[in-house]
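A.B. asks: Next input, structure requested:
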Amino acid sequence: MNTTYQWKNGDADAAVLSTITPETVVIDKNENEKAKAKAFTLNSATNVPTDAEYDESKYRNGEQYLIHGKDTVTENETTFDRYILSTMAKSTSGSAGAEEDTYTVKYYQLVKKTENSYERTELDLHTADEAGRL
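C.D. replies: This is a model prediction of the structure:
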């Protein structure tokens, strides 16, 4: 069965290319090395990304964002580069000595507004089966 993904920015449709899905990952392939997933670390104050080699422990700790794809978005007749990213959010529950960690994947769009100016917005992801049911 084929799955269709619908990305939402709040109540609005985020209009992400159908080729960008949670299963797709941007790969950095070097002739002399194995293919590696590309990731970003983001400056916490400005959201300016820095290229990074994917590190699962950093991803799980929310320190790194996995890149699922790049496209463009148009706002007020201006076109901006946009990345679709994910990271993990960790929450801990339970009493002392019996804590349990839960990890949730969070999706974001990172839009480059101007040089060194990025806007990060959380996206909601919905799936639909072939019958179109969400």
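A.B. asks: In this protein, where is pLDDT below threshold?
C.D. replies: Applying pLDDT under 70 to the chain flags the ranges 1-2, 31-33, 129-134.
A.B. asks: State the helix or strand in which the spatially most central residue of it lies.
C.D. replies: In the chain, the centroid-proximal residue (Cα atoms, centre = their mean) is Leu85; its distance is 1.5 Å. Taking DSSP states H and E as the criterion, Leu85 maps to strand 78-93.
A.B. asks: And that strand, how far out from the chain middle?
C.D. replies: Remark: strand 78-93 is offset 4 Å from the chain centroid, using Cα atoms, centre = their mean, to the nearest Å.
A.B. asks: isn't Glu63 right up against Leu42?
C.D. replies: No: using Cβ atoms under 8 Å, Glu63 is not in contact with Leu42, being 9.3 Å away. All C-beta atoms are positioned from the backbone trio N, CA, C, and that covers glycine.
A.B. asks: Would you mind telling me which of these two has the busier surroundings?
C.D. replies: Leu42 (20 against 15; other Cβ atoms under 10 Å).
A.B. asks: Please name the nearest non-neighbouring residue to the more buried one.
C.D. replies: Distances taken as Cβ to Cβ, 6 or more residues apart in numbering place Pro49 nearest to Leu42, at 5.5 Å, with adjacent residues excluded.
A.B. asks: residues contacting that neighbour?
C.D. replies: Phe40, Thr41, Leu42, Asn43, Tyr65, Tyr83, Leu110, Tyr118 (Cβ atoms under 8 Å, 6 or more residues apart in numbering).
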